[in-house]
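In: Sequence and predicted model, in that order:
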Amino acid sequence: MRTHTCNELHHSHIGETATLIGWVNSNRDHGGVAFIDLRDREGLTQCVFRPEENSEAAELAKALRSEDMIQVTGVVEERPEIDGKSTINPDMATGTIEISASELKIINKSEVLPFQLDKELSNEDLRMKYRFLDLRRERMTRNLRLRHRITQSTRNFLDSDGFCEVETPILSKSTPEGARDFLVPSRMQPGSFYALPQAPQQYKQLLMCGGIEKYFQIARCFRDEDLRADRQPEFTQIDVEASFVTPDDMHALIEGLLGKVFKDTLNVDIPTKFDRITHEEAMNTYGSDKPDRRFGYHLTELSDELKDCEFRVFSGAIANGGVVKAINAKGFAGASQGQIEKLTQTAIEAGSKGLAYIQARDEDRSTWRSPFVKRMTDEEVEALREKLNIEPGDLILFGAGEWESVCEVLGRIRLCCADLQNILEDNTELNFLWVTEFPLLGYDEEEGKWNAVHHPFTRPIAEDEAKLIAGTTAELEDESQRYAGLRAQAYDVVLNGYELGGGSIRIHEADLQSAMFSALGVTEEEKESMFGHILDAFKFGAPPHGGIALGLDRLAMLVCGESSIREVIAFPKNNKGMDIMSSSPSPVDDLQLRDLRIKSTVKDKPVQVES
């Protein structure tokens, strides 16, 4: 239907006859001559309809509206000079030529658009309803093509290193691995259900037990959880697993993979080796296990300096075994009351009761604005001044309490300060980082139980293996100390404050895996019913193995320079888990439910009858 795309014709094609097909991007009438910019996914070409060439086509062209689908045939001509001025458009790849149209065929007419495609739209639900139109935007087309380039680069890189792409089941077994499962009823096994995979975790480990050695998959994953900001119920990950590897091996593999991805997509060279810090160091310094290191504002420990402070929020927290930390937001003492309230609200939402601060307006402490600084001794003030490098114009923000909570609160405050000050505006740095040695288990005070920080198959570091096994039978008065301090052979790769992916060396012995399940409160009966298959596999010479999963949606978002993963997914759900375009999810008829031996208990909403 075409001889060229709308971005293909150039000066060398002048004199040739070409046929193009695409959408009407714009239509301008100049003295009876119609100028139409024709668009396909590759770009634009100007088509000129002159009455002397084809009066019928010229007349028809005047009535065309945006997004009409048309086919144009004509001769490629150099753009002319008019009144001594060039009509060349340097902003178009085809800006030196135009098509002098001799034929016009209307393929399909477009109705009036619900929104203009050349303008940004704040109503996201409207965009989602007409996603097939939204995808025609140049930005959206570019995003999807870059996403494709990421997956192609990934496949090429891993294939060259001997990895084998294997599809794992979508219909699998429901096991507790974190979030709630999406369940699929079985018609052939009434009363039984499949689960959609939250990740191919067990299958890829079973592939290692099967001797595949090097596996990868562009894997679809599903989690039925309440959608926080920028989450999707279905998502895609680059899933990788390999036998006989160490953490260093996996780090080198992913550094090489990401290097190829960024080179192939953005023609950018990234470091061949990423910095590494432990989880404890990341939390202590940045207040986050996925720190953005493109700016400072490091957390500083002040417990020794403030343990005797008259301000009881500080000294009381330290006396109770907690800590006091602070960050120095350099040059932000002039923060408005509204900005201070924003920072305070951020602290409260992160779990703090409030936010203590000092606005160091000048050198002398008498000029400092703070709700508590007058209750501090000169020695304490001077200790703060020295340790935090306080200068006129600085804003000091404090956190006091339990170590992890203080780190998390100040980590949020740190990011909020950077946002309020526009510190990262126009910043193009790509700051990659490995965070290692995560806690193996975390204690849930409300439920009184231990949970896996990553997942139940993560291997503890060698010196902590015996402690894990001993903890399953130890008699302790304080349950919160049973597995405290155990570290995992786990690692996350981070870019600019976003977790690109996480992985670990896995447990491959049945007895150690059984001990891990026991630590998580899994009974012997549950071990057999839910995990018997993988425990059995570990009894038949399972090889040491490890892996990682990279979030493809998040990676594509960062490559494309977007702020939401919805901008790099063709047909995303909204924040209520709905596909507005296709009205999904939707009710099904009773016959379908009867075949599945299921009956809905949801009651119809009563109809309001007007009096």
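Out: That came through fine.
In: Which strands or helices does the helix-or-strand element of the chain with minimal mean pLDDT pack on?
Out: When each helix and strand of the chain is scored by mean pLDDT, DSSP states H and E, strand 81-82 comes last, with a mean of 86. Where contact means 3 or more CB pairs under 8 Å, 6 or more residues apart in numbering; DSSP states H and E, strand 81-82 is not packed against any helix or strand. Backbone N, C-alpha and C define where each C-beta goes, glycine included.
In: quick one: strands adjacent to it?
Out: If you go by DSSP bridges, strand 81-82 pairs up with strand 85-86 (antiparallel).
In: name the element Leu593 belongs to?
Out: Secondary structure assigned from DSSP states H and E places Leu593 in helix 590-595.
In: what does Pro51 give?
Out: According to DSSP H and E, Pro51 maps onto no helix or strand at all.
In: Just want the phi and psi numbers for Tyr498.
Out: Note on Tyr498: its backbone torsions stand at phi -110, psi 140 [degrees, to the nearest 10].
In: what about it, how many neighbours?
Out: By other CB atoms under 10 Å, the residues close to Tyr498 number 14.
In: Same question for Ala101.
Out: Residues near Ala101, counting by other CB under 10 Å: 24.
In: With Lys576 instead?
Out: Neighbourhood size, Lys576 [other CB under 10 Å]: 9.
In: what does Gly334 give?
Out: Gly334: 10 neighbours (other CB under 10 Å).
In: how close does it sit to Gly354?
Out: Using CB to CB, to the nearest Å, one gets 21 Å for the distance from Gly334 to Gly354.
In: Arg506 and Asp230, how far apart?
Out: 29 Å.
In: So which of these two has more stuff around it?
Out: Using other CB under 10 Å as the criterion, Arg506 and Asp230 rank with Arg506 on top: 23 against 13.
In: need the contact list for the more buried one.
Out: By CB atoms under 8 Å, 6 or more residues apart in numbering, the contact list for Arg506 reads Gln205, Met208, Phe457, Thr458, Arg459, His545, Gly546, Gly547.
In: who wins for most neighbours among these?
Out: Within the contacts of Arg506, neighbour counts (other CB under 10 Å) peak at Gly546, which reaches 26 neighbours.
In: Name whatever forms a beta bridge with it.
Out: So, taking DSSP bridges as the rule, Gly546 has Ala242, Ile505 as bridge partners.
In: the domain parsing of the protein - what is it?
Out: What automatic domain parsing lists as the domains of the chain is 11-108, 295-420.
In: now these as CSV including distance to Asp269?
Out: Output for the domains of the chain, formatted as CSV (distance: least, CB to CB, whole Å):
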stretch, distance to Asp269
domain 11-108, 26
domain 295-420, 23
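In: Nearest to Phe517, out of those domains?
Out: Among these, domain 295-420 comes nearest to Phe517, with 25.3 Å by CB to CB.
In: Now do that closest one: distance to the chain's middle.
Out: Centre-to-centre, domain 295-420 and its host chain are 31 Å apart (CA atoms, centre = their mean, to the nearest Å).
In: And the contacts of the least confident helix or strand of the chain?
Out: By CB under 8 Å, 6+ apart, strand 81-82 touches Thr87.
In: Going forward, the N-terminal residue is numbered 22.
Out: Shifting the count to begin at 22 puts that one at strand 102-103.
In: Buried residues, the longest strand seen in the chain. List them.
Out: Ranked by residue count, the top strand of the chain under DSSP state E comes out as strand 38-51. Neighbour counts over strand 38-51 (16 or more other CB atoms under 10 Å) mark Ala39, Leu41, Ile42, Gly43, Trp44, Val45, Asn46, Asn48 as buried.
In: Stretch 139-151 too?
Out: Across stretch 139-151, burial judged by 16+ other CB under 10 Å covers Arg148, Met149, Lys150, Tyr151.
In: same check, this time on stretch 369-377
Out: Ala371, Ser373, Leu376, Ala377.
In: Which pair of those spans the longest distance?
Out: Using CB to CB, the buried residues of stretch 369-377 span at most 14.1 Å, a distance reached by Ala371 and Ala377.
In: For the stretch 372-521 of the chain, just list every one of the strands.
Out: Remark: strands assigned in the stretch 372-521 of the chain by DSSP state E, counting those that start in this stretch are 377-381, 415-422, 453-457, 462-465, 470-473, 511-516, 519-526.
In: got those as a markdown table, with mean pLDDT and distance to Asp180 columns?
Out: As requested, the strands of the stretch 372-521 of the chain are exported to a markdown table (pLDDT from 0 to 100; distance: least, CB to CB, whole Å):
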| stretch | mean pLDDT | distance to Asp180 |
| --- | --- | --- |
| strand 377-381 | 94 | 54 |
| strand 415-422 | 96 | 48 |
| strand 453-457 | 98 | 23 |
| strand 462-465 | 93 | 37 |
| strand 470-473 | 93 | 32 |
| strand 511-516 | 98 | 21 |
| strand 519-526 | 97 | 19 |
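In: what's the closest of the ones you listed to Gln360?
Out: Among the strands of the stretch 372-521 of the chain, strand 415-422 comes nearest to Gln360, with 9.3 Å by CB to CB.
In: and the longest strand of the chain, C-alpha only, in PDB?
Out: Output of strand 38-51 as PDB, limited to C-alpha atoms (Å, rounded to 0.1, in the frame of the first residue of the first chain):
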ATOM      1  CA  THR A  38       6.800   8.900  -7.800                       C
ATOM      2  CA  ALA A  39       6.000   7.700  -4.300                       C
ATOM      3  CA  THR A  40       2.900   6.400  -2.500                       C
ATOM      4  CA  LEU A  41       2.500   7.100   1.200                       C
ATOM      5  CA  ILE A  42      -0.200   6.100   3.700                       C
ATOM      6  CA  GLY A  43      -0.900   7.400   7.100                       C
ATOM      7  CA  TRP A  44      -2.900   9.800   9.300                       C
ATOM      8  CA  VAL A  45      -3.600  13.400   8.700                       C
ATOM      9  CA  ASN A  46      -1.500  15.200  11.300                       C
ATOM     10  CA  SER A  47      -2.400  18.700  10.200                       C
ATOM     11  CA  ASN A  48      -4.300  20.300   7.300                       C
ATOM     12  CA  ARG A  49      -3.600  23.900   6.100                       C
ATOM     13  CA  ASP A  50      -5.300  25.700   3.200                       C
ATOM     14  CA  HIS A  51      -3.300  28.400   1.500                       C
END
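In: For that strand, enumerate the helices and strands it packs against.
Out: Looks like strand 38-51 contacts strand 54-61, strand 64-70, helix 76-83, strand 90-99, strand 118-129 (3+ CB pairs under 8 Å, 6+ apart).
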